[in-house]
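1. Got a sequence here, can you model it:
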Amino acid sequence: MDEKKKTHLGFIHQFIPSNNSKGNSSTLLLLHGTGGNENDLIPIARMLSPANGSILSPLGKVLENGMPRFFRRLSEGVFDIKDLKFRTHELVDFIENASKLYSFDLEHIIAVGYSNGANIASSLLLLHPEILSTAILFRPMVPFIPDTLPNLISKNIFICAGKWDPIVSRQNTENLFDIFKKAHANVSIYWQKSGHELGQEEILAAKEWLSHHIS
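-> Numbers count the residues shown, from 1 in each chain. Take a look at the predicted model:
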């Protein structure tokens, strides 16, 4: 297993190949939260990983007071939409180039995002739905309101929200659910009895959900 930091393709990142000798497994795209890094979600991916899937984990390129993020924000909960969309397109280029270099299937990418990472994963679904087949979103917010909803009829989305999250309101979570629902995605919400932090129970719930939504 090669876990050496890779700095090409425009992002510092980790790529861990699948142990599946058939070469037809999914790739988990790991997107960390503010202040995180490309290693943070690997233990969670190991818990979720379908059939020892590949792992692609980039480090966010935007710094906020020295903390890595995937896009700029103007204040807590207020996003720089222009930068968000630019960074979303930039991330798509990275994923597509990585698929050529590491030979993984672009049709079987599962996003696993936490907080800021979940927000850019949501943006990927709205701007480039072709790049993801499935998404597990821990503590996401509405990234932006699209002018035109994409067709997400083939997409599976699992939202994990904290009942007492001081950062993401219940209304915001439900608004995101409604956007995905109106776009015809197969979307579910799991409410964790916690705040913004992740809990073991919801990771196990996400694992169970994922086992029923991948081929």
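2. pLDDT wise, what is the residue nearest to the spatial centre of the chain at?
-> Nearest to the geometric centre of the chain sits Gly113, at 3.2 Å (CA atoms, centre = their mean). Note on Gly113: pLDDT of 98.
3. got the contact list for Glu76?
-> Residues in contact with Glu76 (CB atoms under 8 Å, 6 or more residues apart in numbering) are Ile167. Every residue, glycine included, has its C-beta placed from N, CA and C.
4. hang on, the earlier thing: in which helix or strand would I find the residue nearest to the centre of the chain?
-> Using DSSP states H and E, Gly113 sits in strand 109-114.
5. what's downstream of that strand, the next helix or strand?
-> From strand 109-114, the next helix or strand downstream (DSSP H and E) is helix 116-127.
6. what lines up beside the strand holding Gly113 in the sheet?
-> Using DSSP bridges, strand 109-114 pairs in its sheet with strand 27-31 (parallel), strand 134-138 (parallel).
7. just to revisit the earlier point, my guess is the residue nearest to the centre of the chain meets Met141, correct?
-> No: in this structure, Gly113 is not within contact of Met141 by CB atoms under 8 Å, at 11.2 Å.
8. Mutual contacts of those two, please.
-> Counting by CB under 8 Å, 6+ apart, the contacts common to Gly113 and Met141 are Asn119, Ser122.
9. So which residues of the protein form helices?
-> Assignment of helices within the chain using DSSP state H yields the ranges 42-48, 81-102, 116-127, 170-182, 200-211.
10. In a markdown table, list these along with distance to Ser54.
-> Supplementary listing: the helices of the chain in a markdown table, determined by distance: least, CB to CB, whole Å:
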| stretch | distance to Ser54 |
| --- | --- |
| helix 42-48 | 10 |
| helix 81-102 | 7 |
| helix 116-127 | 17 |
| helix 170-182 | 25 |
| helix 200-211 | 15 |
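11. okay, those helices in a markdown table with distance to Cys160 and mean pLDDT next?
-> Formatted as a markdown table, the helices of the chain follow (distance: least, CB to CB, whole Å; pLDDT from 0 to 100):
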| stretch | distance to Cys160 | mean pLDDT |
| --- | --- | --- |
| helix 42-48 | 11 | 93 |
| helix 81-102 | 21 | 97 |
| helix 116-127 | 9 | 98 |
| helix 170-182 | 10 | 98 |
| helix 200-211 | 5 | 95 |
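12. Quick check: which of those has the most neighbours on average?
-> Across those, averaging neighbours per residue (mean count of other CB atoms under 10 Å) puts helix 116-127 on top, at a mean of 26.
13. circling back to that earlier point, give the contact list for the residue nearest to the centre of the chain.
-> So Gly113 contacts Leu30, Leu31, Asn119, Ile120, Ala121, Ser122, Ala135, Ile136, Leu137, Phe138, Pro140 (CB under 8 Å, 6+ apart).
14. before we move on, what about Ile44?
-> Leu30, Val112, Leu198, Ile203.
15. For the third one, grab the count of nearby residues.
-> Around Leu198 sit 19 other residues, with neighbours defined as other CB atoms under 10 Å.
16. Excluding sequence neighbours, find me the nearest residue to it.
-> Closest residue to Leu198 apart from its sequence neighbours, by CB to CB, 6 or more residues apart in numbering: Phe138 at 5.8 Å.
17. Do I have it right that that neighbour meets Gly199?
-> No: taking contacts as CB under 8 Å, Phe138 lies outside contact range of Gly199: 9.7 Å.
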